[in-house]
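Asks: Everything below, folded, please.
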Amino acid sequence: MLRSQHAQAAQALPATPRQCFIAVLLASATALLTAAPSFYEALWPLAWVALVPLFVALREASPKRALLLGWWAETLMYWVGFYWLIGTMVRFGFIAVPLSVCFFVIIGLGNGIRLGFFAWWLRRTERSTYPWWVRLLLPACTYVAFDYLYPRVFPWYLGFLQLPGLPFIQIADIAGVHGVTFVLVVCNTVVAAFVPHPGQPERTVRRLMGLGCAGLLLLQGGYGFWRMQQLTAAMQQAPPLRVALIQPDIGMYEKQSSADREAQLDLQLGLSATTLAQHPELIIWPESMYPFGVHEHMQQLPWPAIPAPDNVHWLIGALTYTGEGPARQVFNSALLLDQDGHILGRYDKQHLLAFGEYIPLQHYLPFLRNISPTIGSLTPGTGGIVTLPSGVGLGPLICYEDIVPDLARQAVRQGAQVLVNLTNDVWFGATRAPYQHRALAAFRAVENRVYLVRVTNTGLTSIIDVRGREQAALPIFQADTLVHTIQPLRLASLYTRFGDWFAQLCSAVALLLPLGSRLRRRIRA
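Replies: Reported below is the predicted structural model:
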């Protein structure tokens, strides 16, 4: 992918239709290779070469054509990988199919431009005069920079595809998921450099780049194996916490029906009662599954007398509200209860889902309320954690808050030893969306070295340990319970302390190194 004099001369000529067709095919191959592991997790090694076809296509592309190729590659990946968005808009938002398809196309194009900007900037800044180590690292820095800086509703990164390869994701406690992505792009860069082509780097440069990549992989894998052994020993020594996860599998329309509220409550209480024989200390219900509104001044919920030990507590999802009439505010909350229903703690969701729980700019553009009658109008909370009487801190993350790294990081910094995701993925149906959601969320456990307990209405209800390994799970669309022992830990991680410092460093390198090189050339001239 790196520019030689031959390639620069070739790119001055207009591309033939055949060359354009081949370039589009190569960009499409990158899209499919990137999307494939999200359908079949066993294909996770494909991420190590997924960008190679695009990098080869960029070798003779002008910056403008590079932008279009990168844009097409990620747009196609989005359309293939997140196909379920159309059904979600139709089922949940009651948006007509043609309009849902239009929205989906636009969203894909909006997300795809990120890789277009990456390809454009890379073609603008790459130079054959750069030292081998710059050629090796600059594409990865640039890729991470656009990953970090470009805003996306659904932040899907290349590094997430590596979840099954546990030793290779452990560096996330240092550099976050961006560190995993960085190594993947370095590997793709080296593989592309060895693809025969007039524009490939010199033999000596290729060898040095290969050795540099091999050293980086050894560091990544070595750290991963060492860290996993260390964490396994720490988990064996940590005090246990027995948790019971309730997956009621209540349908989308049943949940919205006020006539079925008592039956929904009885179902969840019945499932909870069946777990008591396994001696749980904490019983957890999914997002907003307490079927009645809770006023902020309520100190105790109407709670049935369930014969349970005094040390049993509940963490349940509920809608809470304050005020009346026009001043009424509704929050998506998690409530910590004792066995008598006394409210011991409360967390209000901070990061609301656009076009699900609120409509952006609706106060300035009131006509947007007509998009769908089912879109909520919730109020964001201020964060915080809840603490069990035993002293174990719980960091609730409601719905898609578990894909926002900074929310999990702040919860752990505030004392959370366990992250608890309460969510309801019923809107996605029997698609790949619940599995993608789990992959996104699992990195919060690795980044912060805490357990992540995910409790969902219809699945995937699961328990992910501090190494990112899924210890137990329930099948989707099945009413069931999961009782498991976890080990709350207090392990410091560099990521918890400093956040996305690595992505910020890559962004600075991607911007300043090419600009500094251009400035030096002007001074010498």
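
Asks: Would you map the helices across the stretch 1-150 of the chain?
Replies: 5-11, 17-39, 52-58, 63-81, 84-91, 97-125, 132-149 (DSSP state H, counting those that start in this stretch).

Asks: Over to the stretch 301-450 of the chain?
Replies: Using DSSP H, counting those that start in this stretch, helices in the stretch 301-450 of the chain cover 405-413, 433-448.

Asks: The ones you listed: which one's closest to Val80?
Replies: Set against Val80 and scored by C-beta to C-beta, the helices of the stretch 301-450 of the chain come closest in helix 433-448, at 12.4 Å. No exception for glycine: its C-beta is placed from N, CA and C like everyone else's.

Asks: after the closest one, next one along is what?
Replies: Counting by DSSP states H and E, the next helix or strand C-terminal to helix 433-448 is strand 451-456.

Asks: Point out where the stretch 51-200 of the chain drops to low pLDDT.
Replies: When residues are selected by pLDDT under 70, those of the stretch 51-200 of the chain lie in 128.

Asks: same deal with the stretch 201-350 of the chain?
Replies: 253, 255-259.

Asks: Now do the helices in the stretch 151-300 of the chain.
Replies: Counting by DSSP H, counting those that start in this stretch, the stretch 151-300 of the chain has helices at residues 166-169, 172-193, 203-237, 252-256, 261-274.

Asks: Would you mind getting the angle between the longest one and helix 433-448?
Replies: An angle of 90 degrees separates the directions of helix 203-237 and helix 433-448 when computed by axes from the mean of the first three to the mean of the last three C-alpha atoms, to 10 degrees.

Asks: buried ones in helix 203-237?
Replies: Of the residues in helix 203-237, 205-206, 208-210, 212-213, 216-217, 220-221, 223-224, 227-228, 231, 235 count as buried by neighbour count, 16 or more other C-beta atoms under 10 Å.

Asks: on that earlier part again, format the helices of the stretch 301-450 of the chain as JSON lines; extra columns: mean pLDDT, distance to Leu25 and mean neighbour count.
Replies: Listed next are these as JSON lines, based on pLDDT from 0 to 100; distance: least, C-beta to C-beta, whole Å; neighbours: other C-beta atoms under 10 Å:
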{"stretch": "helix 405-413", "mean pLDDT": "94", "distance to Leu25": "35", "mean neighbour count": "21"}
{"stretch": "helix 433-448", "mean pLDDT": "94", "distance to Leu25": "26", "mean neighbour count": "24"}
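
Asks: Take these and write them to TSV, including distance to Glu41.
Replies: Below are the helices of the stretch 301-450 of the chain laid out as TSV (distance: least, C-beta to C-beta, whole Å):
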stretch	distance to Glu41
helix 405-413	21
helix 433-448	8
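
Asks: picking that back up, wait, which of the helices of the stretch 151-300 of the chain is closest to Pro131?
Replies: helix 203-237 (8.8 Å).

Asks: Just name whatever secondary elements the closest one is in contact with.
Replies: Counting contacts by 3 or more C-beta pairs under 8 Å, 6 or more residues apart in numbering; DSSP states H and E, helix 203-237 packs against helix 132-149, helix 166-169, helix 172-193.

Asks: Go through those and pick out the most buried.
Replies: Of all the helices and strands packed on helix 203-237, helix 172-193 carries the top mean neighbour count, a mean of 24, counting by mean count of other C-beta atoms under 10 Å.

Asks: any idea how far the residue positioned nearest the centre of the chain is from Glu447?
Replies: Among the residues of the chain, the one closest to the centroid is Leu440, at 3.0 Å (C-alpha atoms, centre = their mean). According to C-beta to C-beta, to the nearest Å, Leu440 and Glu447 sit 12 Å apart.

Asks: Same check on Gln19?
Replies: Distance, Gln19 to Glu447, by C-beta to C-beta: 43 Å.

Asks: Likewise for Glu202?
Replies: Glu202 is 39 Å from Glu447, where distance means C-beta to C-beta.

Asks: Kindly report the same for Thr232.
Replies: Per C-beta to C-beta, Thr232 is found 18 Å from Glu447.

Asks: about what we covered before: can you lay out the helices of the stretch 1-150 of the chain as JSON lines showing distance to Ile464?
Replies: Compiled in JSON lines, the helices of the stretch 1-150 of the chain are given as follows (distance: least, C-beta to C-beta, whole Å):
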{"stretch": "helix 5-11", "distance to Ile464": "45"}
{"stretch": "helix 17-39", "distance to Ile464": "18"}
{"stretch": "helix 52-58", "distance to Ile464": "31"}
{"stretch": "helix 63-81", "distance to Ile464": "22"}
{"stretch": "helix 84-91", "distance to Ile464": "22"}
{"stretch": "helix 97-125", "distance to Ile464": "26"}
{"stretch": "helix 132-149", "distance to Ile464": "23"}
